[in-house]
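**Q** the sequence isn't on hand, but the structure is:
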């Protein structure tokens with residue numbers, strides 16, 4: 001999509017981000033979690049806007065030379081249009097601008113759409129966290145991108 005604008009997330013975006021989060025994750029973060037993240041000096045969050053509406057968001061923590069993706073979500077009505085890739089590329093660029101040499105994240109093995117995106121952008125599986133997800137005890141795959 002050519003009309004997607006990526007901007008830093010602000011407090012004004014929290015209601016829209018919460019809505020997308022609750023539609024996207026079996027166990028969503030709450031308002032206080034996002035407020036704390038916006039106050040966290042290591043956290044960087046962006047939102048994707050389409051025609052004035054927030055349609056996705058993503059966040060990362062940058063500590064020393066590493067970036068850890070905390071979450072990426074796209075509103076269900078806008079999935080499959082490349083918005084997740086735009087968000088992820090923006091987080092990669094934020095990391096690069098801070099001098100990272102690697103990026104990591106956890107993802108459900110059942111989330112084939114996310115896995116496809118992460119693999120496309122060079123993330124490789126390097127481990128597994130057993131029973132990571134509280135809702136169904138699904139493992140998490142630990143992915144890394146190290147080619148910065």
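**A** Thanks, I have it. In this text the structure is predicted, and so the values were computed from the model without any measurement.

**Q** can you map out the helices along the chain?
**A** 14-24, 31-39, 83-97, 112-120 (DSSP state H).

**Q** among these, which is the most enclosed?
**A** Each of the helices of the chain was scored by mean neighbour count; the highest is helix 83-97, a mean of 19, by mean count of other Cβ atoms under 10 Å. In this view, the C-beta of every residue, glycine as well, is placed from N, C-alpha and C.

**Q** what angle separates that one from helix 112-120?
**A** Calculated by axes from the mean of the first three to the mean of the last three Cα atoms, to 10 degrees, helix 83-97 forms an angle of 40 degrees with helix 112-120.

**Q** now for helix 83-97, which elements pack on it?
**A** strand 4-8, strand 43-50, strand 53-63, strand 66-74, strand 102-107, helix 112-120 (3 or more Cβ pairs under 8 Å, 6 or more residues apart in numbering; DSSP states H and E).

**Q** now those in a markdown table, with mean pLDDT and distance to residue 35?
**A** As requested, the helices and strands packed on helix 83-97 are exported to a markdown table (pLDDT from 0 to 100; distance: least, Cβ to Cβ, whole Å):
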| stretch | mean pLDDT | distance to residue 35 |
| --- | --- | --- |
| strand 4-8 | 97 | 15 |
| strand 43-50 | 98 | 11 |
| strand 53-63 | 98 | 13 |
| strand 66-74 | 97 | 14 |
| strand 102-107 | 97 | 22 |
| helix 112-120 | 95 | 25 |
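
**Q** quick one: which of the ones you listed is nearest residue 134?
**A** Closest to residue 134 of those, according to Cβ to Cβ: strand 102-107, at 12.7 Å.

**Q** for that closest one, which outside residues touch it?
**A** Contact with strand 102-107 is made by 60, 65-69, 91-92, 95, 114-115, 118, 123, 129, 132, 140-146, 148, as judged by Cβ atoms under 8 Å, 6 or more residues apart in numbering.

**Q** got a quick ChimeraX command for the buried subset of those residues?
**A** The ChimeraX selection below is limited to those of the contacts of strand 102-107 classed as buried (16 or more other Cβ atoms under 10 Å):
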select :60,66,67,68,69,91,92,95,114,115,118,123,140,141,142,143,144,145
